[in-house]
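In: I need the structure of the sequence given here:
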Amino acid sequence: MNFNKLAIASAMGFMLATSMANAATDQGHGKVTFTGSIIDAPCSINPDSIDQTVNLGQVSNVALKASSNSGTSVPRNFEIKLENCDVATLKTVKTTFTGADGVIDGSLGITGTAKGASIILTNGDGDQIKLGEASAAHTLQNGNNTLLFSAYLQGDGAEAVITPGDFTAVADFTLAYQ
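Out: Now for the predicted structure:
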């Protein structure tokens with residue numbers, strides 16, 4: 001009987017010593033999770049383009065008044081990068097942005113403590129892309145392509161009260177190949 005107790009105690013001591021030794025040799029560990037989706041399209045979307053943040057900066061309320069600088073901030077560029085395009089049949093792409101409507105026709109509304117301005121989205125030529133309407137077609141080439149866009153704040157008009165504060169806005173994009 002004492003022999004069984006001694007054997008059990010020895011085994012438990014060995015397991016404890018082994019686990020402590022293993023814990024002491026663990027010099028780092030982690031996990032890598034891979035996510036994504038498979039789409040029916042002639043191009044893949046670069047992961048950096050799927051969820052991105054465009055910092056419009058700290059814009060002066062004076063810059064957004066209609067009497068100064070057309071009531072706009074400096075445009076900030078952003079891109080949607082397409083990879084591994086095979087344009088055998090579909091040779092162009094249009095981009096449609098959707099989100100909360102702003103005060104200005106076709107603009108993106110802001111939320112937060114800041115008030116009196118909306119976000120204008122433009123294509124690479126500086127032409128406004130209205131929310132819910134497709135951009136002009138962009139001709140694709142085989143391989144990688146970059147779709148260029150810009151965004152800026154615009155005051156909501158001469159009568160708008162520009163209230164300083166923080167804001168956010170979210171625009172979703174959809175690509176349509178032709």
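In: what segments of the chain are helices?
Out: For the chain, the helices defined by DSSP state H occupy 2-25, 47-50.
In: return the set of buried residues in the shortest one.
Out: In other words, helix 47-50. For helix 47-50, the neighbour count (16 or more other CB atoms under 10 Å) marks residue 49 as buried. From N, CA and C alone the C-beta is placed, and that goes for glycine too.
In: for that helix, packing partners?
Out: Counting contacts by 3 or more CB pairs under 8 Å, 6 or more residues apart in numbering; DSSP states H and E, helix 47-50 is packed against strand 76-85.
In: what's the strand it packs on packed up against?
Out: Checking 3+ CB pairs under 8 Å, 6+ apart, strand 76-85 ends up next to strand 44-45, helix 47-50, strand 143-155.
In: among the ones you listed, which is the most enclosed?
Out: When those are scored by mean count of other CB atoms under 10 Å, the highest mean neighbour count falls to strand 143-155 (a mean of 19).
In: now the angle from that one to strand 76-85?
Out: Orientation of strand 143-155 against strand 76-85 (axes from the mean of the first three to the mean of the last three CA atoms, to 10 degrees) gives an angle of 160 degrees.
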